[in-house]
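Participant: Sharing a model that was predicted from the sequence below.
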Amino acid sequence: MSQTRQPTPGDAGQRDAGLRETSGDAAGRSQKSDLREPHLHERDTRGPDSGGNSRGLVGRRWIHQGRKYSFEMMTYAAPDGGVLEREVVRHPGAVAILPLLGTGPDRRVVMIRNERIALEQRLLEIPAGTREAGEAAGLTAGRELIEETGYEAATIEELCRFYTSPGLTDELMHAFVARDLRHVGQDLEADERITVELMTPAEVLKRLDGGEITDAKTCLVLLTALRRGIL
C-alpha cells in the first residue's frame with residue numbers, strides 16, 4: 001500500500017464524494033455519489049433534536065500526526081455539566097476488493113493471506129488498502145488489487161460502503177467487485193507480507209462458516225456479495 005498524506009488542520013472544509021467505478025483499464029469512469037466522506041475539522045455538531053450529535057461539541061485538539069492516520073481529542077459537554085473527552089482516529093478512507101477470476105464452474109475468488117502485525121497473525125482476507133489524498137476510491141481499488149494480488153481488473157464496480165469502526169474512527173470503506181482479471185504480478189510495499197490463494201466461492205463460504213475468516217471487512221463483503229447473488 002502506498003504512503004498516504006493525512007489532512008492537516010489547514011485542510012478544513014474539504015470533502016470527497018463517494019465514487020462508483022466501472023473501468024475498462026482498471027482506472028474507470030467516476031460518478032459522484034450523495035454519500036459524503038467526513039474529514040478532519042468538518043464534523044456535524046448539530047444538537048440532539050436535529051439528528052446530529054447527542055452532546056454539544058465544545059472543543060477539539062490535534063494529538064498526533066501519524067504516517068497514515070491522524071489523532072484528535074474531541075471534548076463534549078456531558079449531561080451533568082461536566083465534560084467528556086474522546087480520542088478519535090482520523091482516516092483518509094479505504095477500499096476493499098472482491099476479485100473474481102474466470103466464469104462459470106472455473107470461477108475463483110482471489111483471496112490473500114495477510115500478515116497483521118497488531119495481531120501477530122496471518123489472516124485470510126480480501127485485498128484492501130488506504131486511499132491516497134484526493135484519490136477516487138475506484139482508482140485506489142484498481143491500484144491495491146494489483147499491488148496485493150498481482151491481478152489487474154478490466155471491470156471494477158462498487159458493491160457497498162460502510163464505516164469500519166465508528167466508535168473509534170471515521171474511516172469510510174468502499175467495497176468493490178473486480179472482474180475480467182489479468183495477471184500482471186504483485187507490487188508489494190516493503191512492509192507487506194502477502195500471499196495469494198485462489199478458492200472457489202463454495203470454499204470461501206465454507207471458510208467463513210467455519211470461523212477461519214475473522215477479518216470484519218472480508219466477512220461483510222462476502223455476505224453482501226452472497227446476498228446479491230454475486231457468489
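Facilitator: Nice, I can see it.
Participant: quick one, helices of this structure?
Facilitator: Along the chain, the segments classed as helices by DSSP state H run 137-149, 201-209, 216-227.
Participant: Where does pLDDT dip in this structure?
Facilitator: Scanning the chain for pLDDT under 70 picks out 1-55.
Participant: What are the neighbouring residues in contact with the nearest residue to residue 83 once chain neighbours are set aside?
Facilitator: Excluding the flanking residues, the one nearest residue 83 by Cβ to Cβ, 6 or more residues apart in numbering is residue 75, at 5.5 Å. Just so you know, the C-beta spots here come from the backbone N, C-alpha and C atoms, and that holds for glycine as well. Counting by Cβ atoms under 8 Å, 6 or more residues apart in numbering, residue 75 touches 57-61, 83-85.
Participant: Let's see that with 10 Å instead.
Facilitator: Contact analysis of residue 75 by Cβ atoms under 10 Å, 6 or more residues apart in numbering lists 55-61, 83-86.
Participant: mind listing which of these are in strands?
Facilitator: 57-61, 83-86 (DSSP state E).
Participant: In the residues you listed, find the pair that's most separated.
Facilitator: 61 and 84 (13.7 Å; Cβ to Cβ).
Participant: Same list, the contacts of residue 75, but as a markdown table with distance to residue 142 please.
Facilitator: Below are the contacts of residue 75 laid out as a markdown table (distance: Cβ to Cβ, whole Å):
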| residue | distance to residue 142 |
| --- | --- |
| 55 | 40 |
| 56 | 42 |
| 57 | 37 |
| 58 | 42 |
| 59 | 40 |
| 60 | 35 |
| 61 | 37 |
| 83 | 45 |
| 84 | 41 |
| 85 | 40 |
| 86 | 35 |
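Participant: Out of the helices of the chain, flag the one nearest residue 165.
Facilitator: So among the helices of the chain, helix 216-227 is nearest, using Cβ to Cβ, at 8.2 Å.
Participant: So which elements touch the closest one?
Facilitator: Contacts defined by 3 or more Cβ pairs under 10 Å, 6 or more residues apart in numbering; DSSP states H and E place helix 216-227 against strand 94-101, strand 108-116, strand 121-125, strand 128-130, strand 151-163, strand 172-183, helix 201-209.
Participant: at 6 Å instead, please
Facilitator: Packing partners of helix 216-227 (3 or more Cβ pairs under 6 Å, 6 or more residues apart in numbering; DSSP states H and E): strand 94-101.
Participant: Parallel or antiparallel, which strands does the strand it packs on pair with?
Facilitator: Counting by DSSP bridges, the strands paired with strand 94-101 are strand 108-116 (antiparallel), strand 128-130 (antiparallel), strand 172-183 (parallel).
Participant: got the ones you listed as TSV, with distance to residue 196 and mean neighbour count columns?
Facilitator: Shown next, in TSV, are those (distance: least, Cβ to Cβ, whole Å; neighbours: other Cβ atoms under 10 Å):
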stretch	distance to residue 196	mean neighbour count
strand 108-116	6	19
strand 128-130	14	22
strand 172-183	10	22
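Participant: ok, back up a step: which of the ones in strands among the contacts of residue 75 has the most neighbours?
Facilitator: residue 60 (18 neighbours; other Cβ atoms under 10 Å).
Participant: so who does residue 159 touch?
Facilitator: Contacts for residue 159 (Cβ atoms under 6 Å, 6 or more residues apart in numbering) come out as 175-177.
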